[in-house]
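1. requesting a structural model of the entry that follows:
(one chain, ligands or ions: 1)
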Amino acid sequence: MEDYKFLFKVVLIGNAGVGKTCLVRRFTQGLFPPGQGATIGVDFMIKTVEIDGEKIKLQIWDTAGQERFRSITQSYYRSAHALILVYDISSQPTFDCLPDWLREIEQYASCKVLRVLVGNKTDREDRELPTHVGEEFAHRHNMYFIETSAKEADNVEKLFIEIAKELTQLVRSGHFDKDSKVGDLSPQDVSNVTLPPTREPRSEFACCSRWISSSTT
Ligand SMILES: Nc1nc2c(ncn2[C@@H]2O[C@H](COP(=O)(O)OP(=O)(O)OP(=O)(O)O)[C@@H](O)[C@H]2O)c(=O)[nH]1
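-> Numbers count the residues shown, from 1 in each chain. Reported below is the predicted structural model:
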């Protein structure tokens, strides 16, 4: 059996072209792929990280941003432990669509899902969204916030490591429902961590300022 403590599913969503695939590739393979085509449907990659001496396996699902794939990608929200909602800091329209994405999350994801807002492409000089605008949006919607550059590898590692840390803490604190005791979880138990239905009130994540992090300080 594979040696890891927890397995978490992390799903990236957001408009086409904001850099979801590049963020995943940067984190899992350490590269910035040139001239990639748009994602078709859904793709996934795995990376194991170490948190406090324990191996945490992240199953990272990269969804297609294009509208025509929406019905496929929605089905992946449900089992996500964390959802990363990405926009492009150099593209106002990708930010303007965030409320639509939030509605999708409310509708299809578990109320216990960890929600993270990411402003990507901080290396670009034609920024349209100041950092504080992203921060405020995240704060208003109880999300974590971080700015990244998949191209320059800025904050990408931090994004996923913080998610792994936070999810580990949440499992240990009993946030996710499960049959077995937290301390006894085997990987199978954790991958089957049950997520409750959507549309429940959620107050635990009123903490977005915890990892607000901009690369352009
Ligand atoms: N400058 C810059 N360009 C980036 C960055 N991340 C991605 N890109 C570019 O943005 C374009 C789209 O990147 P993708 O990763 O394919 O975007 P996506 O969100 O996965 O798009 P879909 O698969 O269509 O949903 C590509 O041309 C990338 O090279 C970044 O951090 N900085």
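2. CA atoms for contacts and neighbours, from now on please.
-> OK.
3. shouldn't Y87 be within a strand?
-> Yes. Under DSSP: H, G, I helix; E, B strand; the rest coil, Y87 falls within a strand.
4. which residues does it form beta bridges with?
-> G119 (DSSP bridges).
5. I figured it hits V116, correct?
-> No. Using CA atoms under 8 Å, Y87 makes no contact with V116, being 11.2 Å away.
6. which one of those two has more residues nearby?
-> Y87 (30 against 21; other CA atoms under 10 Å).
7. residues in contact with the most centrally placed residue in the chain?
-> With distances taken as CA atoms, centre = their mean, I84 lies nearest the centre of the chain, 2.4 Å away. I84 makes contacts with 10-13, 115-118, as judged by CA atoms under 8 Å, 6 or more residues apart in numbering.
8. what about A64, distance to the ligand?
-> Separation of A64 from the ligand (CA to the nearest ligand atom, to the nearest Å): 4 Å.
9. thought that residue was touching F44?
-> No. The criterion here is CA under 8 Å, and A64 misses it with F44 at 11.3 Å.
10. Q59 reaches K9, doesn't it?
-> Yes. Assessed by CA under 8 Å, Q59 is found in contact with K9 at 4.8 Å.
11. for L12, which non-adjacent residue is closest in space?
-> I84 (4.7 Å; CA to CA, 6 or more residues apart in numbering).
12. may I have the secondary structure class of the one you found?
-> Under the three-state scheme (three-state DSSP), I84 adopts strand.
13. for it, give its distance to V113.
-> 10 Å (CA to CA, to the nearest Å).
14. re the thing from before, which one's more surrounded, A64 and F44?
-> The neighbour count for A64 versus F44, taken as other CA under 10 Å, is higher for A64 (25 against 14).
15. show me the contacts for the residue nearest to that one when sequence neighbours are not counted.
-> Leaving aside its chain neighbours, A64 sits nearest to T39 (4.8 Å; criterion: CA to CA, 6+ apart). For T39, the contacting residues are 21, 62-65, by CA under 8 Å, 6+ apart.
16. what values do phi and psi take at T39?
-> phi -70, psi 140 (degrees, to the nearest 10).
17. and for the one 10 residues further on?
-> Main-chain dihedrals, V49, degrees, to the nearest 10: phi -120, psi 160.
18. thought it was touching K55?
-> Yes. With contacts counted by CA under 8 Å, V49 reaches K55, the gap being 5.7 Å.
19. check the gap between Y87 and the ligand for me.
-> Counting by CA to the nearest ligand atom, the gap from Y87 to the ligand is 8 Å.
20. and for S79?
-> For S79, the distance to the ligand - CA to the nearest ligand atom - is 20 Å.
21. so that it lines up with my notes, have the first residue be 228 from now on.
-> Got it, first residue is 228 now, which makes that one S306.
22. per-residue pLDDT of that residue, please?
-> For S306, the model assigns a pLDDT of 87.
23. helix, strand, or coil at it?
-> coil.
24. tell me how far it lies from R351.
-> On the measure of CA to CA, S306 and R351 end up 34 Å apart.
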